[in-house]
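>>> structure for this input, please:
(2 chains)
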Amino acid sequence: MSSPALPPSPNSDEAPPPSYRLLTVLIWVLVVGSMAALPMLWPADGQERSTLAQFIGRFHPLVLHFPIALLALVPLLELGGLSSRGRQIRGAAGFVLTLGALSAVVASLAGWLLAWAGGYAGDLVNQHMWAGCTLALASLLAMLLRRVWISRGWFSVGIFYLPTLIASLGLMTWTAHQGGQLTHGEKYLEEHMPATLRGWLGLPPPTPKKRPAAAVATGTGASPAATLNAAATPVETGPGAGAADPSFFYDRIMPALDRTCVSCHNPNKVKGGLRMDTFAELMKGGDSGSSIEPGKPEASELYRRITLPHDDEEFMPSGGKKPLSEEETRLIERWIKAGASETAPLSEFGLLPTPPVPVVKVETQAPDHRDRAAAVQAWEKAWGLRLVPVSQLPMDGLILRTASAPSRCTDEALAALAPVADLIVDAELARTRVTDAGLVSLAACLNLRRLDLTQTAITSKGLQTLSPLTRLTLLNLTGTGVDEAGLAPWRTRPALSIYAAHTAGAAP
Amino acid sequence: MHDPSCHDPHAHLCSDHSGEGPTVWDLPIPQSLKDEWLRLETRRHFLGRSGKALAWAGLASILGRSLPTAFAGQTSPASLVPHFAPKAKRAIYLFMAGAPSQLDTWDYKPGLKDLFDKDLPESVRGGQVLTGMTSSQARLPIAPTPFGFKRVGKAGHWVSDLFPWTAKIADELTVIKSLYTEAINHEPAILQITTGNMFSGKPSLGSWLSYGLGAINDELPSFVVLTSKMPVTKNVQALSNRLWSSGFLSPEHAAVTLRPGGDPVLYLNNPDGVTSDVRRSMLDGVNALNRDLFERVGDPEINARIAQYEMAFRMQTSVPELTDVSKEPASTWDLYGEKAKERGTFAYNCLMARRLAERGVRFTQIFLRSWDTHGDLPGRIRLLCEDSDRPTYGLITDLKQRGLLDDTLVLWGGEFGRTVYSQGGLRPDNFGRDHHPRCFSMWMTGAGIKRGLSYGETDDFSYNITKNPVHIRDLHATLLHQFGLDHNRLSFKFQGLDQRLTGVLPANVIHDLLV
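Numbers count the residues shown, from 1 in each chain, chains lettered A, B, ... in the order given. So this is what the prediction gives:
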């Protein structure tokens, strides 16, 4: 069967090594080729295809965890191997890397099947697919380079092993993040990110969740860019939103669809060829034809699907997601029956607009002190005194507390308060060494509500410098040198309680 | 301290190992687990060592062998910041131990005058169980108060003639006439009102405040108890430090008591020939030994002990300053009366309470005993009121003029009420009253409390509450609320429960009392 012109068959007795080599090469070509070709030739186009392909594809979320764990383990094994005690574990690195690379290939193939047959589309899916395939190839390359490194030493091509490995891990992080965004929504990780971290990463401040009545009307009804996660995205707005009488569709129907349907029917994930993120797309319908027949709920595919028994194969939303409520279903029925209009106002249905979420106003006493924690601590350390929060609400301000060591609180200590002056709402300065000179610095504490100067050396003269403190509600001057003349301008403040026992100004 | 046996992995993990090298405390396990273990561990340490090594080996085999020094004792919740903006920074509780009669003090029942020596209607008593002291009486004759009452001030409180001085500040007071408790005898009742529970072993109100808020002044304890010399010494109920103990909280939250005679705090003065430097180096040595013991045993009470020694050292300076009243202006004695110059009197303690408040002590509780007037009530209550009326007036007035009443809560009251019927023989000017838990009166003022309010009502016999009942739990919840603390959230994990001052039964902040 074999001819000299052809490579020897795998069964050839004469030359097994070349035949294995050929097989290896073939497998490599197949793997590398498929990684590049499949996503290019058959991209995710939003069509749903064969059940078998989808079945296999759905193993992607399972398999993908193997490359993540295995590849992340490789540098640990390599590092662990650096110490003399851990030398033997380094031997495992090659094995783990091989397993990781192979599982990356399997995960990529499964992922491609899922994207191609599962009705996915959009930039995010394609980017993720390409990133995944590149990751598989990069880890295969790292695997080869490691072998070279082991057999020929550092100063060969093997020197590229380390950069390749690091690049693979970086790529893996990015790919994994994209995968997470696809599953949980693009803002999943950001949503509850602390403001500081957000700042470092250069992310914009979080967008508050909006209700349609509070959103600004776009005037066109066209969706700017609906994303996968309905919950984290401002709800689609349409004509009349925010008006006294907004459209029934945008006030009642869209929010319900947004919460229940849009996570699978959007530009990135077009299940059944149907998008529901805009009015136009919804009316266009999907693979099973039109979704809405205006005026005829019972003839509308959408209405039929949402009213099936919950265990029916065709029931929507599928996959155990939270169904539309009974009330929402009735609203959809009314809307279709009335002609499925985009613009028909709520009043035609005898309804009032959804009220906007009430805004609870919290009275703030001072700016958030957490932003200046370093300055606060530095002052506390420098003077051995305390600046304690009034409460767990950071906008309640700080108390300047000196009771443990009043003698440490001098005019200099008050002068040094400048960077945090506006955070202080309560200054406990009784029996301190503060004098009139220190009150000048205190006048910068514009949010001061309570000021206790009991038994300090201050006089009426110094008291004058405090006149900018318009928010004071309590001024304690017990046992100080102030006199009635100095108190007179303060007596005119109606919201201020003044205590001046044991002073020249004390009432008899 | 090096012990060769520590090379054996099991010996290494026994709790008494020398403190070198890793211990189980360094394992990355949740702090709550470690705390729980420590509690078991310290109990075991107390009971004896048998079986401990086995237990440790067991824990070690579960957790694997690892890491070093012991954890820092959890003495306070993670943050010592109030849950919300507080009205009160401190409180002074004038505790009338033995239970003053509400009928002769704050709950005026003019209709009783005509019912002298009539039997208490059975329908009023409603089957209420009597104490052993009156259950054998043939009759329960009504004893109207022999004291006159006057309506005073803008608020129009009815104030007993027993309180000529307090009457002058009545407009400052909010009187609650509808407090009640379940306890009918002193020990459980006094424990309930001081610690929120009739059984001993729970932290007291002041300890919870110290635990939840920390100190304002580190030089003095957060919680101080002052016991007073008594003008009469009949039926004196014993006081004990269960009433101001920290229970399961770290001992540093327990009250420090200032004694009515001798040194205010025992052994605070250096003995002759011992200088401050010597005392300091002695303390450093003791602390080093204690820290070493702590690293081996991990008992948080050892840390508390170290903290107490340090507090005592600081108090060597701060207490003499506190108790030195030589610089008080002459007007002070006009307010509190000349008795305030005598150490240990109620008047002196009231002055101390003001000085403690000025210096930032969170919670000062003054105990005045012998209000347990089972017999000879008119004579004894007169003496008690003569002793305490003026200083009470002085304290409120002084706090007010110094601007301290604005953020200092002041309370006056006992642990339960007294019966409308007489215990023993009844004469118009001599009779006794038995314990009565179903209603009693107290007053409060200061930080965020309405002024001049009368809250709650009782029936014509001051026997049952007819309007706005206030349980002791509600009182406690309200007190914590004024300090910016949510009584549902101020808790400490102990014996498998998130223990709270107000316990597990519903407790409500009485917002009607608050500004």
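
>>> can you give me the helices for the stretch 51-200 of chain A?
Here the stretch 51-200 of chain A has its helices, by DSSP state H, counting those that start in this stretch, at A:51-57, A:60-63, A:65-80, A:87-117, A:123-152, A:161-184, A:195-200.

>>> just send the ones you listed back as JSON lines, with mean neighbour count too.
In this view, the C-beta of every residue, glycine as well, is placed from N, C-alpha and C. Output for those, formatted as JSON lines (neighbours: other C-beta atoms under 10 Å in any protein chain shown):
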{"stretch": "helix A:51-57", "mean neighbour count": "14"}
{"stretch": "helix A:60-63", "mean neighbour count": "16"}
{"stretch": "helix A:65-80", "mean neighbour count": "18"}
{"stretch": "helix A:87-117", "mean neighbour count": "21"}
{"stretch": "helix A:123-152", "mean neighbour count": "20"}
{"stretch": "helix A:161-184", "mean neighbour count": "18"}
{"stretch": "helix A:195-200", "mean neighbour count": "11"}
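
>>> would you list those helices in CSV and tack on distance to B:T257 and mean pLDDT?
Converted to CSV, the helices of the stretch 51-200 of chain A look like this (distance: least, C-beta to C-beta, whole Å; pLDDT from 0 to 100):
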stretch, distance to B:T257, mean pLDDT
helix A:51-57, 76, 86
helix A:60-63, 66, 91
helix A:65-80, 59, 91
helix A:87-117, 63, 89
helix A:123-152, 70, 89
helix A:161-184, 60, 89
helix A:195-200, 47, 78
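
>>> include distance to chain B when you put those into TSV, please.
Below are these laid out as TSV (distance: least, C-beta to the nearest C-beta, whole Å):
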stretch	distance to chain B
helix A:51-57	39
helix A:60-63	29
helix A:65-80	18
helix A:87-117	18
helix A:123-152	31
helix A:161-184	24
helix A:195-200	19
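
>>> tell me which residues in the longest strand along chain B are buried?
When chain B is scanned for its longest strand (criterion: DSSP state E), the result is strand B:417-427. Across strand B:417-427, burial judged by 16 or more other C-beta atoms under 10 Å in any protein chain shown covers B:G417, B:R418, B:T419, B:V420, B:Y421, B:S422, B:Q423, B:L426.

>>> who's in contact with the last one?
Contact partners of B:L426, counting by C-beta atoms under 8 Å, 6 or more residues apart in numbering or on different chains, are B:D117, B:P141, B:A143.

>>> so for the second one, what's the pLDDT?
At B:P141, the predicted lDDT confidence score is 94.

>>> so who does it touch?
B:D117, B:K118, B:D119, B:L120, B:Y421, B:S422, B:L426.

>>> report the spatially closest residue to the fifth one, excluding sequence-adjacent ones.
Using C-beta to C-beta, 6 or more residues apart in numbering or on different chains and skipping residues adjacent in sequence, the residue nearest B:Y421 is B:L140, 3.9 Å away.

>>> report how many residues lie close to that neighbour.
21 (other C-beta atoms under 10 Å in any protein chain shown).

>>> can I assume it is in contact with B:Q423?
No. In this structure, B:L140 is not within contact of B:Q423 by C-beta atoms under 8 Å, at 9.2 Å.

>>> now the common contact residues for the two.
With C-beta under 8 Å, 6+ apart as the test, B:L140 and B:Q423 both reach B:T134.

>>> show me the helices in the stretch 51-200 of chain B, by range?
Under DSSP H, counting those that start in this stretch, the stretch 51-200 of chain B gives helices at B:52-63, B:102-105, B:122-125, B:186-195.

>>> the stretch 251-400 of chain B now?
Assigned by DSSP H, counting those that start in this stretch, the stretch 251-400 of chain B shows helices spanning B:276-297, B:300-323, B:330-336, B:346-358, B:377-401.

>>> out of those helices, deepest packed?
Most buried of the helices of the stretch 251-400 of chain B, by mean neighbour count (mean count of other C-beta atoms under 10 Å in any protein chain shown): helix B:346-358, with a mean of 26.
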